[in-house]
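> Here is my input, please return the structure:
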Amino acid sequence: MFFFIIYPTCLAQDSTRAQQLIQLEDVYGKNTFEARGTRNFRFSTDGTHYYQLGIQGDLLRFRLADGKLRDTILTKRRLSQQEGGRGLSLNGHVWNEKEDLLLLHSQRNKIYRFSFTSIPWLYDIKNDSLFQLTDRPVRNVSFSPIGRQLAYCRDNNLFLYDLDARKEIQITHASHDEGVQNGISDWVYEETFGVVQAYKWSYDGRYVAYYTFDMSQVPTHTFPIYDAKSLAGENYSYRYYRPGEPIAKVSIHIYDLHTGETQLGDKPDEAEYYYPRIYWAKDSRSLFIYKMPRNQKSFEIGQVDMQNVIYKTVLTERDKRYIDRATFDAFYSFADEKRFIYMSEKEGWRRLYLYDLGKNKEILLTPFSYDTDRLLAVDEKGGKLYCSVAEDPRERQVLSIGLSKGNIQRLTDTSGWNTLSFNRAFTHYLRIFSTIDVPPVATVHSVKDGTVISIEDNARLKDTLYYFRLSAPQFVHIPNRHGVDLNAWILYPPDYREGAKYPVLFANYGGPGSQRVTNSWGTVNFWHQYLAQQGIIVVCVDNTGTGYRGADFKKAIYGRLGIQEIEDQMDAARWLSTRYTTVDSTRIAYWGWSFGGFMASMAITYGADVFSTAVSVAPVTHWKLYQSGYAERHMGLPKDNPEGYAQSTPMAYIDRMKGNLLLIHGTADDNVHFRNSAVFSQQLIKEGKQFEQYYYPDKDHAIAGTQTRFHLYRLMTDYLLKKLKGDHENQ
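Next up, the predicted model:
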């Protein structure tokens, strides 16, 4: 057991200057502590430049050799002077392959977490002209990898647009009311598998592989809209499948732009399957398809040869618990058409493998006893790959690994969080680095001579932090009842002193594969700093089931979500109470959102002997009420695990509850339905338990909006101060 303390450069300032206290408005309203990003940074395709938006919103081009400005591509003012350009922004712009066109969006309207509709516009750089692509809103707009064509979706169908002919071509012909959509993900695929643009161009631009979703048997979920502008009642309906309910029937199709023909890539039989990923081979001669059964305990990689359009299984993998879909994001097919790289946890750690299609065998590329996080890039010409690893689960370092001999080189070694992205020539890379106490710093590095160009140093934010009285977070290992050390951080009040008694707030998420205890900026948010200034010790613990400590640690919670997790949090609270005389064991609270909200509701029921107060925001309160893609992955199907579903809910432990609960939810939550909180409330009332609840009309899972967020955090702050501080004063 041990502590190690971070002595930060930004958070432990000169006490003679750092006296300003945080106000809630600084965190939610004024954006006082907002860190700047890389402002649409992009390496150019010619390998000698990079693009970035300037502070004023102009699109600029810089030289990679020295970071000096080469020219201005388009100013914000010039864009607004174009016909139709008023109101358009360069934020989120997309380049075509030739870098002579920019894709921009107007009238952008959110659909779910990532998806949106918009009116797409194209700016022609050479001709200094702006062109409105469609009159009606579309979604999933993308350029062809070559040529002057785009694809997009409208009215559940997939379309192509030829820029030279100014002609739209409709690829699919599903009617609006038959429950079929093409190139557009359904809600579960978008939220659970990260599939938003449900189609992919081949590298040569000849083919478009797309998903078809048949949702005719999927239940429709409806919730009311309480728009204050209208007295008339409205409803919003969409397809959403829960554990045990029919899921979407998905098939993969391939459209040939040369022939105008569409052929079937794969379609399952009567069994229920998911298709979490599709990838084109680099030579565009075949399509790789990830396919997994509904129980998500296995997957296969199939290959469709475009010469005969026949699907064949290449490899299959099984797990007695579940397959983590995050491993599907690491895939690379080589130009020689004979090999590909994929990721697997079959040996207990998340690792990368090189699979030889001709020899039907594979080579382990990352033979480490710790998790590989991401496959960042593959340099075929240089014979190496780049990946980020979690040697210390709280940090990320980047390695290069030789593809033939496996020789390893560290590109980063500074303690903290490193993210790298490379230009196509592999001559330069963008590095974004931060720690728990140092804001992100973005720099471009030359691979050859090590030259460094500053992209963003967040100097303004560092100067701001210098004047505030902030606490330095400490990392600690806390043992659970099984003797496993859990990663945690602790934030003490800035005037913390021995001999006083302090309440404690556990602030956590805790869901499968997640992480909240990392040596990266944003791990400790400024609301937690604000609460620490009010005299509350804030703690975060990554419990069993969280990520990057191996498959066994992550998947130990399978079938019983919430039990081991909340027991770990209880163990941590007891450990703090016994180790520190300053901790008031009668005033330990828990707050969380989404899965964290579920954990908070478990804390005040299952963990009632330890936690006296809980704030639960948008919680899942029964896994049968959540979507099947996530719930069945971690719980199994209800028919196979009825006992687990019955036990993994706070409603099974309401009789234990004796503390304070604040329950919060948005009525238009399309992710975790408001029904979760409503049903929980009914059971609490039935059992005679007093609690407080608050709902936000027409707000989704994010409960977003500047005024709304401030209201929410003011509400939670007042509640926590009342329940944890009240008449108590530190002595």
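
> And F114, how close does it get to W121?
21 Å (CB to CB, to the nearest Å). (C-beta placed from N, C-alpha, C; glycine too.)

> Please say which of these two ends up with more neighbours.
W121 (21 against 13; other CB atoms under 10 Å).

> The helix or strand encompassing S585 packs against which elements?
Using DSSP states H and E, S585 maps to strand 583-593. Where contact means 3 or more CB pairs under 8 Å, 6 or more residues apart in numbering; DSSP states H and E, strand 583-593 is packed against strand 502-507, helix 563-579, helix 595-605, strand 613-617, helix 706-724.

> Tell me which other helices or strands the second one touches.
In terms of contact count using 3+ CB pairs under 8 Å, 6+ apart, helix 563-579 is assigned the packing partners strand 474-479, strand 485-491, strand 502-507, strand 537-541, strand 583-593, helix 595-605.

> The third one to strand 613-617, inter-axis angle?
To tie it back to what came earlier, the one meant is strand 502-507. Relative orientation of strand 502-507 versus strand 613-617 (axes from the mean of the first three to the mean of the last three CA atoms, to 10 degrees): 20 degrees.

> Mind listing the strands strand 502-507 pairs with, and their directions?
In the sheet, strand 502-507 lines up against strand 537-541 (parallel), strand 583-593 (parallel) (DSSP bridges).

> how about that strand as PDB, C-alpha atoms only?
What follows is strand 502-507, C-alpha atoms only, in PDB (Å, rounded to 0.1, in the frame of the first residue of the first chain):
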ATOM      1  CA  TYR A 502     -14.300  16.400   6.800                       C
ATOM      2  CA  PRO A 503     -17.200  14.900   4.800                       C
ATOM      3  CA  VAL A 504     -16.300  12.900   1.700                       C
ATOM      4  CA  LEU A 505     -17.800  12.800  -1.700                       C
ATOM      5  CA  PHE A 506     -17.100   9.800  -4.000                       C
ATOM      6  CA  ALA A 507     -17.300  11.000  -7.600                       C
END
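
> quick thing: my sequence starts at 401, can you match it?
Happy to do that; since the first residue is 401 now, the last one works out to strand 902-907.

> what's the following helix or strand after that strand?
Sequence order places helix 926-933 as the next helix or strand after strand 902-907, per DSSP H and E.

> What's the mean pLDDT across that next one?
In this model, helix 926-933 carries a mean pLDDT of 98.

> Output it in PDB, but only the C-alpha positions, please.
As requested, the backbone C-alpha atoms of helix 926-933 are provided in PDB (Å, rounded to 0.1, in the frame of the first residue of the first chain):
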ATOM      1  CA  PHE A 926     -13.300  22.200 -11.600                       C
ATOM      2  CA  TRP A 927     -16.700  21.500  -9.900                       C
ATOM      3  CA  HIS A 928     -14.800  19.000  -7.700                       C
ATOM      4  CA  GLN A 929     -12.300  21.700  -7.000                       C
ATOM      5  CA  TYR A 930     -15.200  24.000  -6.100                       C
ATOM      6  CA  LEU A 931     -16.600  21.500  -3.700                       C
ATOM      7  CA  ALA A 932     -13.100  20.900  -2.100                       C
ATOM      8  CA  GLN A 933     -13.000  24.700  -1.500                       C
END
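
> Next, the buried residues of stretch 952-962.
F953, K954, K955, A956, I957, Y958, G959, R960, L961, G962 (16 or more other CB atoms under 10 Å).

> Can you give me the distance of the residue nearest to the fifth one when sequence neighbours are not counted to Y829?
Same thing as I957. Nearest residue to I957 in three dimensions, chain neighbours excluded: G945, at 3.8 Å (CB to CB, 6 or more residues apart in numbering). Computed as CB to CB, the G945 to Y829 distance reads 33 Å.

> for T612, same thing?
Counting by CB to CB - T612 and Y829 are separated by 38 Å.

> Between these two, tell me which one has more neighbours.
Comparing T612 with Y829 by neighbour count (other CB under 10 Å), the higher total belongs to T612, at 23 against 20.

> Please report phi then psi for the more buried one.
T612 adopts backbone torsions of phi -120, psi 120, taken as degrees, to the nearest 10.

> got a list of what it touches?
Shown in contact with T612 (CB atoms under 8 Å, 6 or more residues apart in numbering): T572, A574, V580, Q581, N582, V650, S651, I652, H653.

> Bridged to it, which residues?
Residues in beta-bridge contact with T612 (DSSP bridges): N582, S651.

> so can I have JSON lines of the helices and strands packed on strand 983-993 showing mean pLDDT and mean neighbour count?
Listed next are the helices and strands packed on strand 983-993 as JSON lines, based on pLDDT from 0 to 100; neighbours: other CB atoms under 10 Å:
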{"stretch": "strand 902-907", "mean pLDDT": "99", "mean neighbour count": "25"}
{"stretch": "helix 963-979", "mean pLDDT": "99", "mean neighbour count": "21"}
{"stretch": "helix 995-1005", "mean pLDDT": "99", "mean neighbour count": "29"}
{"stretch": "strand 1013-1017", "mean pLDDT": "99", "mean neighbour count": "27"}
{"stretch": "helix 1106-1124", "mean pLDDT": "98", "mean neighbour count": "16"}
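
> what's the closest of the ones you listed to T713?
helix 995-1005 (34.0 Å; CB to CB).

> so that closest one versus strand 983-993, what angle?
140 degrees.

> Now do helix 995-1005: distance to the chain's middle.
Centre-to-centre, helix 995-1005 and its host chain are 21 Å apart (CA atoms, centre = their mean, to the nearest Å).

> repeat for stretch 957-964
22 Å.

> returning to what we had before: who wins for proximity to W921 among the helices and strands packed on helix 963-979?
strand 885-891 (13.1 Å).

> packing partners for the closest one?
strand 874-879, helix 926-933, strand 937-941, helix 963-979.

> and that strand, which strands flank it?
strand 874-879 (antiparallel), strand 937-941 (antiparallel).

> Output the shortest one as CSV, nothing but the C-alphas.
Listed in CSV are the C-alpha atoms of strand 937-941, where the atom choice follows Å, rounded to 0.1, in the frame of the first residue of the first chain:
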residue,chain,number,x,y,z
ILE,A,937,-12.8,15.7,0.4
VAL,A,938,-13.5,14.4,-3.1
VAL,A,939,-12.5,10.8,-4.0
CYS,A,940,-12.6,8.8,-7.2
VAL,A,941,-11.9,5.1,-7.4
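
> I'd like the next helix or strand past that strand.
The element immediately downstream of strand 937-941 (helix or strand, assigned by DSSP H and E) is helix 951-955.
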